[in-house]
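1. Got a predicted model here, sequence first, then my questions.
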Amino acid sequence: MIIVLKPKLTKRQENSVLREIKKLGYEPHVMRGVARTVIGAIGDEKKNPSLETLSSWPQVESVTPVQKRYRLVSREAQKKNSTIKVGKHIIGGKKIQIMAGPCSVESEKQLMETAHAVRKAGATILRGGAFKPRTSPYEFQGLGEKGLKLLAKARKETGMPVITELLSQSHVDLVAEYTDIIQIGTRNAQNFQLLIAAARTGKPVLLKRGMSMRIEEWLLAGEYILANENSSLMFCERGIRTFETYTRNTLDLSAVAAVKQQSHCPVVVDPSQGCGRADLIVAMCKGAVSMGADALLIEVHPNPAEAWSDGAQQVTLDAFRKLMRELKPFIKAAGRT
């Protein structure tokens, strides 16, 4: 059940509703918005008394049954689009946010050069990998804590918030100390204990789609974030594994429309991982904006040929500047800024 509270309630009035929900045998999950507070009540509606009696309470605006397995992320729980504030930026609002930076943090020189260049070109959030999930154990695994410290230094110099990937529960506190947004990668998209740990940091969470995930599975994975009282969730389409070998993955732009239809959470598109080819990034970004994406996650490197990871999918600094110019009419046509 979804219980929407009336605005401007006191803490005491809100707590009385929460106590009643627990008394009836349900677990309340609170989501606080700008104008409304929404409570998702999880429990067995066949065994427990109905929560519809709460509709008569003066504190309650509405009580709505939820039919979908993913309850808190669904449009049934919240019809209006959610927004997430990161620093001065709003993800899910009218402005399309650009998250740009290198696949891996390699050195201070490489990161600072990239950070200043993407910011000047119009990027609003700095991406960079400190811990890298590589297919082979013999490939570069990231700089770890040193990489996180360099990201923090870049944030201080440029003013851009930082997004980086969390790989392990053992790194939760360390990563949360340095980053503004926690990224959960495709390989960990159904690592439920990691999702819970990420949610409990209170940081915004970007959940990438698992490389073989169906839409429903992806939405249910996102449910773990909201069910642990973190309403700052964004989904990221990063390509799925198909029979096609021309591209590294198949970027599923239909997933943007599908998730926007089913969920109130912002949707991000990663065209770099999505196709694995720098020469297709511009076209994929244009398509993502046209499909309704709220943000783009783009890999940028001063010299992709010398990148320590995934050089083929990273665009140069000049190519990124050109991309940002070419995107402007598409952003305008989509009614965004």
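-> Now that the structure is in, tell me what you want to look at.
2. Can you name the element that comes right after the helix or strand where Thr114 lies?
-> Here Thr114, judged by DSSP states H and E, is contained in helix 108-121. Beyond helix 108-121 on the C-terminal side, the first helix or strand identified by DSSP H and E is strand 125-127.
3. Just name whatever secondary elements whatever helix or strand comes next after that next one is in contact with.
-> With elements assigned by DSSP H and E, the helix or strand that comes after strand 125-127 is helix 145-158. Packing contacts for helix 145-158, counted by 3 or more C-beta pairs under 8 Å, 6 or more residues apart in numbering; DSSP states H and E, involve helix 108-121, strand 125-127, strand 162-165, helix 172-178. C-beta coordinates here come from the backbone N, C-alpha and C atoms, glycine included.
4. so helix 145-158 versus helix 108-121, what angle?
-> Helix 145-158 runs at 40 degrees relative to helix 108-121, counting by axes from the mean of the first three to the mean of the last three C-alpha atoms, to 10 degrees.
5. Show me how far helix 145-158 is from its chain's centre.
-> 21 Å (C-alpha atoms, centre = their mean, to the nearest Å).
6. Phi first, then psi, for the residue most central in space within the chain.
-> Nearest to the geometric centre of the chain sits Leu206, at 2.3 Å (C-alpha atoms, centre = their mean). Main-chain torsions, Leu206, degrees, to the nearest 10: phi -100, psi 120.
7. Quickly note the distance from it to Cys285.
-> 17 Å (C-beta to C-beta, to the nearest Å).
8. Leu297: what secondary structure?
-> strand (DSSP: H, G, I helix; E, B strand; the rest coil).
9. and the helix holding Thr114, what other elements does it pack with?
-> strand 97-101, strand 125-127, helix 145-158, helix 317-333.
10. Now do the helices in the stretch 151-300 of the chain.
-> Using DSSP state H, counting those that start in this stretch, the helices of the stretch 151-300 of the chain run over residues 172-178, 192-200, 215-226, 254-262, 271-275, 281-291.
11. ok, back up a step: which residues belonging to the helix holding Thr114 are considered buried?
-> Buried residues in helix 108-121, counted by 16 or more other C-beta atoms under 10 Å: Gln110, Leu111, Glu113, Thr114, Ala115, Ala117, Val118, Arg119, Ala121.
12. One more: stretch 82-101?
-> Using 16+ other C-beta under 10 Å as the test for burial, stretch 82-101 gives 82-84, 86, 89-93, 96-101.
13. same thing with stretch 199-212?
-> Applying a neighbour-count criterion of 16+ other C-beta under 10 Å, one finds Ala199, Thr201, Lys203, Pro204, Val205, Leu206, Leu207, Lys208, Arg209, Gly210, Met211 buried in stretch 199-212.
14. Of those, which is the nearest to Gln262?
-> For those, the residue nearest Gln262 by C-beta to C-beta is Arg209; the value is 13.4 Å.
15. For the closest one, which non-adjacent residue is closest in space?
-> Trp218 (5.1 Å; C-beta to C-beta, 6 or more residues apart in numbering).
16. Who are the contact partners of Ser309?
-> Ser309 sits next to Cys103, Ser104, Gly129, Lys132, Arg134, Glu139, Phe140 when contact means C-beta atoms under 8 Å, 6 or more residues apart in numbering.
17. The residue lying closest to the fourth one once chain neighbours are set aside and Arg75: what is the separation?
-> This points to Lys132. Here the nearest residue to Lys132 in space, its sequence neighbours aside, is Gly142; by C-beta to C-beta, 6+ apart that works out to 3.9 Å. Distance, Gly142 to Arg75, by C-beta to C-beta: 37 Å.
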